[in-house]
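Visitor: Predicted coordinates and the sequence they were generated for:
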Amino acid sequence: MQRLKVAQALKSTSVGIEVDVRGWIRTKRESKQGFAFLELNDGSSMGNLQVIVDGSVPGFADINKQLTTGSSVRVTGELKESPAAGQRVEVHAKTLELYGTADAEKFPLQKKRHSFEFLREIAHLRPRTNTFGAIFRVRNALSRAIHNFFQSRGFLYVHSPIITTSDAEGAGAMFHVTTLDMVKRKLVDGQVDYTEDFFGKKASLTVSGQLEGEIFATSLGDCYTFGPTFRAENSNTTRHLAEFWMIEPEMPFYDLQDNMNLAESFIREILTEVLAACPEDMAFFNERIDNTVMATLRNIIDNDFLRLSYTEAVEILMTCGEKFDYPVEWGTDLQSEHERYLTEKKFGKPIILYDYPRQIKSFYMRVNEDGKTVRAMDVLVPRVGEIIGGSQREERLDVLLERMQECGLNPEDYWWYVDLRRYGSVPHSGFGLGLERVMLLLTGMANIRDVIPFPRTPKNADF
Ligand code: 4AD
Ligand code: MG
């Protein structure tokens, strides 16, 4: 007897063998002759395994009524070639064991289409649907592809901390971590006295592992982080989460060009690997979620990314005659409508924008010779907009200190980061990829809340 996952059984060529399969019933049909056809799914594949149960199976008559959608069973029996269309094999049950029932009146996932909004309210059950099964299998394949990309190039995986006392982006949209009593906490000159707090100073959830990544890059070489990051921006959009996963490679001796080249190969390779790993799930997204998904992905994989300076992009946007909600002029941050105009309408391919105005970017980006721009880069893709933000880092001590001051930061708070420029400073670069943004691209899903297991957004942290 072979214990098989549904995915393995569906692919098996060993008809005639005895198998043991376990899972949840998606649907049941009954024939007049007293047979039951169970569609069994255990999450290992999009497809269900058909199980045929007849009166000869011990106890079947007693439990037949309880074999409802959502109930869980163990079946042993013979794997046979299936006469039915659309499936190669089926299982003829010899034994059937009911693990857990699911009340047909109450089980929320009956066989009909549910809205994604409704499924978000039952995030504990949505992984049992076809769409969410496919999403989370693809998310797994994507994570593996990302590790493969870096591991095959000798990058070191660094576990950057989740609790931190420094603000990596210098933008202040952080969640505080405290054990102080909100009511009884002591105020000194109207300020909270954090010396009494668990860490003895103000601590937060990290917005990025970059600064710690730079420590490792400037000692152990090419490295990357891959972990959750947290932003308390109150932006209730379809592209923002309060908790999201970021991958941040950091490379010593890389300039901005090297950085852009790596980012481009990275995107192309991980997409290619996921397409190869999940053909069935990807076909499902293209058929049922968004029929432009495959074409968009092929276009990204097959074409070079366009490189365009911020200044060139602004010129295009100002003269293109398109009506935007937010006006563009040199020095303003680009909005998603601008990014989408460039990638979708104007060029129809991914774009790497680089050399942004210094006043709209973080303190750690290397200042260009013009004094007005910094060596920042954003990778923009059709349908999603920004998926990567990165830069060459400012390795010159004096310029870094000047930039910190300009950004209203106290270098003492970043003393260890500044030290890296004191002792053996080198040119270096890195970038951050938002995992859920790539998931939007891969699945065609419209809302970022639907590509992470348990989304955290303003007013929502259930499950
Ligand atoms: O552009 P960002 O803010 O860059 C950084 O955090 C740098 N420290 C990265 C680095 O150079 N090491 O964020 C990087 C990416 C964005 O391009 C986007 O894909 C994603 O992270 N991202 C978000 N994804 C979901 N929800 C949010 N609120 C996000 N904010 C950023
Ligand atoms: Mg960014």
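Guide: Structure received. Small disclaimer: the values here were computed from a predicted structure and weren't measured. Ligands and ions are numbered 1, 2, ... in the order given.
Visitor: what ranges do the helices span in this structure?
Guide: Across the chain, reading from the start of the chain, the helices by DSSP state H fall at 6-11, 60-63, 116-121, 130-151, 210-220, 256-277, 279-284, 293-302, 310-319, 336-340, 397-406, 415-419, 435-443.
Visitor: Could you say which of those helices is packed most deeply?
Guide: Between the helices of the chain, helix 435-443 has the highest mean count of neighbours, a mean of 23, where neighbours are mean count of other C-beta atoms under 10 Å. (C-beta placed from N, C-alpha, C; glycine too.)
Visitor: That helix and ligand 1, are they touching?
Guide: Yes. Contact between helix 435-443 and ligand 1 is present through 436-437 (criterion: C-beta under 6 Å from any ligand atom).
Visitor: Contacts made by that helix with the rest, please.
Guide: Residues lying outside helix 435-443 but in contact with it, judged by C-beta atoms under 8 Å, 6 or more residues apart in numbering, are 134-135, 138-139, 142-143, 146, 239, 241, 244-247, 267, 270-271, 274, 282, 285, 289, 293, 296-297, 300, 381, 383-387, 445-446, 448, 451-452.
Visitor: restrict the residues you listed to contacts with ligand 1.
Guide: Judged by C-beta under 6 Å from any ligand atom, the overlap between the contacts of helix 435-443 and the neighbourhood of ligand 1 comprises 241, 244, 246, 386-387.
Visitor: Tell me the buried residues in stretch 323-336?
Guide: Burial within stretch 323-336, assessed by neighbour count using 16 or more other C-beta atoms under 10 Å, is assigned to 328, 334.
Visitor: still on that earlier bit, reformat the ones next to ligand 1 among the contacts of helix 435-443 as CSV; add distance to Glu344 and pLDDT.
Guide: Below are these laid out as CSV (distance: C-beta to C-beta, whole Å; pLDDT from 0 to 100):
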residue, distance to Glu344, pLDDT
Leu241, 23, 97
Phe244, 23, 98
Met246, 25, 98
Glu386, 13, 95
Ile387, 14, 97
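Visitor: Okay, and which of these map to strands?
Guide: Using DSSP state E, the members of these that fall within strands are 244, 246, 386-387.
Visitor: Tell me who's in contact with Ile157.
Guide: I think there's a mix-up here, since residue 157 is Tyr and not Ile. The neighbours of Tyr157, taking C-beta under 8 Å, 6+ apart as the test, are 147, 150-151, 223-226.
Visitor: Looking at those, point me to the pair that's furthest apart.
Guide: By the measure C-beta to C-beta, the contacts of Tyr157 have their two most distant members at Gln151 and Thr225, which lie 13.7 Å apart.
Visitor: Find me the pLDDT at the residue nearest to Gly133 when sequence neighbours are not counted, would you?
Guide: Nearest-residue entry for Gly133: Gly43, 5.7 Å, with adjacent residues in sequence omitted and distances by C-beta to C-beta, 6 or more residues apart in numbering. Per-residue confidence for Gly43 comes out at a pLDDT of 97.
Visitor: quick one, what contacts Gly43?
Guide: 23, 127-128, 133.
Visitor: Which of the residues you listed fall within strands?
Guide: In strands, judged by DSSP E, the following of the contacts of Gly43 are found: Gly23.
Visitor: Which residues does stretch 253-269 contact?
Guide: Applying C-beta under 8 Å, 6+ apart, the contact partners of stretch 253-269 are 145, 149, 249, 251, 300-301, 304-305, 307, 350, 352, 354, 366, 375, 377, 379, 381, 387-388, 390-392, 426-431, 433, 438.
Visitor: one more time with 6 Å
Guide: Counting contacts by C-beta atoms under 6 Å, 6 or more residues apart in numbering, the residues outside stretch 253-269 that touch it are 149, 301, 305, 352, 375, 377, 379, 388, 390, 392, 427, 429, 431.
Visitor: which of those residues has the most neighbours?
Guide: By neighbour count, taken as other C-beta atoms under 10 Å, the most surrounded of the contacts of stretch 253-269 turns out to be Ser429 (29 neighbours).
Visitor: Quick check: bridge partners of it?
Guide: Partner residues in beta bridges with Ser429, using DSSP bridges, are Met251, Gln392.
Visitor: separation between it and Tyr254?
Guide: 4 Å (C-beta to C-beta, to the nearest Å).
Visitor: excluding its backbone neighbours, what's nearest Leu67?
Guide: Closest residue in space to Leu67, ignoring its immediate chain neighbours: Lys28 at 5.4 Å, by C-beta to C-beta, 6+ apart.
Visitor: quick one, strands of the stretch 1-150 of the chain?
Guide: 2-3, 18-30, 36-41, 49-53, 72-81, 89-100 (DSSP state E, counting those that start in this stretch).
Visitor: Can you say which of the ones you listed is nearest to Leu401?
Guide: strand 36-41 (58.9 Å).
Visitor: The closest one pairs with which strands, and in what direction?
Guide: Using DSSP bridges, the strands paired with strand 36-41 are strand 18-30 (antiparallel), strand 49-53 (antiparallel).
Visitor: then that strand to CSV, C-alphas only?
Guide: The C-alpha trace of strand 36-41 is given here as CSV (Å, rounded to 0.1, in the frame of the first residue of the first chain):
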residue,chain,number,x,y,z
ALA,A,36,-20.8,7.7,-4.4
PHE,A,37,-18.3,9.7,-6.4
LEU,A,38,-16.1,11.8,-4.0
GLU,A,39,-13.9,14.6,-5.3
LEU,A,40,-11.0,14.5,-2.9
ASN,A,41,-8.5,17.3,-2.4
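Visitor: Report the angle between that strand and strand 89-100.
Guide: For the pair strand 36-41 and strand 89-100, the angle between their directions (axes from the mean of the first three to the mean of the last three C-alpha atoms, to 10 degrees) equals 80 degrees.
Visitor: still on that earlier bit, just the closest of the ones next to ligand 1 among the contacts of helix 435-443 to Leu317, please.
Guide: For Leu317, the closest of these turns out to be Glu386, at 15.3 Å, with distances computed as C-beta to C-beta.
Visitor: just checking, the closest one touches Asp378?
Guide: Yes. Glu386 sits in contact with Asp378 when judged by C-beta atoms under 6 Å, with a separation of 5.2 Å.
Visitor: Who has more neighbours out of these two?
Guide: Looking at Glu386 and Asp378 with other C-beta under 10 Å, you find the greater number of neighbours at Asp378, namely 23 against 17.
Visitor: Which strand residues bridge the more buried one?
Guide: Leu353, Gly389.
Visitor: and if you look at Lys28?
Guide: Assigned bridge partners for Lys28, using DSSP bridges, are Leu38.
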